[in-house]
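> Following is a predicted model, sequence given first.
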Amino acid sequence: MLDKFQPLSFLIQNHIHDGDQIAMEGFTHLIPFEAGHEIIRQGKKELTLIRMTPDLIYDQLIGMGLVKKVVFSWGGNPGVGSLHRLREAVEKGIPTPLEIEEHSHAAMACAYQAGASGLPFGVLRGYTGTDLAKENPEYIKGVTCPFTGEKLAAIKAIRPDVGIIHAQQADKKGNIKIWGITGVQKEVVYASKKVLVTVEEVVDELDTQNQGIVIPHWLVTGVALAPNGAQPSYAMGYYKRDNSFYKQWDEISRSQANFEEWMNVHVLSKSVNQIP
């Protein structure tokens, strides 16, 4: 067994530190909920969370007072409404004040790609007609194309301290395979200084004949077996999205007291320590 395979609690304890920049990506699909829950159980603090579409797991991390800043391009409970813990943190500082850095989807993808390519920034036609550049002057600049003279937007590359994804399979060498909607998981893996992956199962050999993304083992810092690790989001080929829970979350998260009670019962009292 390779040292790359470890219990999730071990990976979080040894590779995530207070103050880190963490990107936990997944676009409606393969959202790494169990990894986020382990971060909550271990009480990692002062985190900067990065994600194109922060939803329930980021709401939970924020509500537990572990986050100082969120870098994102859209935040909400998909198909339901607001993230109440995020909203109260921004508007009222409950439970702790929250700084936000907002971009467009295209800009976030561009910034991840720049980080994955080892470049200091990405270039795009974007931000026209918005105040995002004015609100984020440290991260968004104007540039002039040296070939055409066109005015373009530049966004600072995203290079997370730790990138976390959930995937369907790993083989025993630590190669990872994802299929279905993939979002920017691949870009996050290449952009991050460390990469932690939770998987539904470990197989002897990956099926490379069917379409999918294969992430080579040498990019991966650690792998943890975490069946159902993306619930209540879904993992194609394993389980469906729990739409009812997304609706329930709207009520659970409306008050800090109710939220904390739910977290104590459903997250803080549990742990995942499986090893392939």
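Great, that's in hand. Values in this document were obtained by computation on a predicted structure and should not be read as measured data.

> and the nearest residue to Ser253 once chain neighbours are set aside, what does it touch?
Excluding the flanking residues, the one nearest Ser253 by Cβ to Cβ, 6 or more residues apart in numbering is His84, at 4.4 Å. To be clear about C-beta, it is placed using only N, CA and C from the backbone, and glycine gets the same treatment. His84 is in contact with Asp59, Asp250, Ser253, Arg254, Phe259, counting by Cβ atoms under 8 Å, 6 or more residues apart in numbering.

> Give me the buried entries from these.
Buried members of the contacts of His84, counted by 16 or more other Cβ atoms under 10 Å: Asp59, Ser253, Phe259.

> list the buried ones in stretch 242-250?
So for stretch 242-250, counting by 16+ other Cβ under 10 Å, buried means Tyr246, Trp249.

> Touching it from outside, list them.
In contact with stretch 242-250 (Cβ under 8 Å, 6+ apart) are residues Leu56, Asp59, Asn77, Pro78, Gly79, Val80, Gly81, His84, Gln231, Pro232, Ser233, Tyr234.

> rerun that using 7 Å as the cut-off
Leu56, Asn77, Pro78, Gly79, Val80, Gly81, Gln231, Pro232 (Cβ atoms under 7 Å, 6 or more residues apart in numbering).

> Next, the contact list for the second one, please.
Taking Cβ under 7 Å, 6+ apart as the contact definition, Asn77 lies against Asp55, Leu56, Leu83, Tyr246, Trp249, Asp250.

> if you set the cut-off to 8 Å instead, what comes out?
Asp55, Leu56, Asp59, Leu83, Tyr246, Trp249, Asp250.

> for the fifth one, helix, strand, or coil?
Look at Tyr246: counting by DSSP: H, G, I helix; E, B strand; the rest coil, its state is helix.

> so how far is His15 from Ser73?
26 Å (Cβ to Cβ, to the nearest Å).

> for the longest helix along the chain, what is the average pLDDT?
Counting by DSSP state H, the longest helix found in the chain is helix 105-116. The average pLDDT within helix 105-116 is 96.

> and if you look at stretch 42-62?
97.

> What residues of that stretch count as buried?
44, 47-62.

> can you redo the contacts of Asn77 as TSV with distance to Leu30?
Shown next, in TSV, are the contacts of Asn77 (distance: Cβ to Cβ, whole Å):
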residue	distance to Leu30
Asp55	13
Leu56	14
Asp59	18
Leu83	20
Tyr246	16
Trp249	18
Asp250	23
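
> Tell me the one among the contacts of stretch 242-250 nearest to Ile140.
Pro78 (25.9 Å; Cβ to Cβ).

> what about the helix or strand bottoming out on mean pLDDT in the chain, distance to the chain center?
Least confident helix or strand of the chain, by mean pLDDT, DSSP states H and E, is helix 132-135 with a mean of 86. Distance, stretch centre to chain centre, for helix 132-135: 23 Å (Cα atoms, centre = their mean, to the nearest Å).

> could you measure the residue found closest to Ile94 once you drop the neighbours it is linked to in the chain against Thr148, distance?
The shortest distance from Ile94 to any non-neighbouring residue, by Cβ to Cβ, 6+ apart, is to Glu88 (4.4 Å). The gap separating Glu88 from Thr148 is 46 Å, by Cβ to Cβ.
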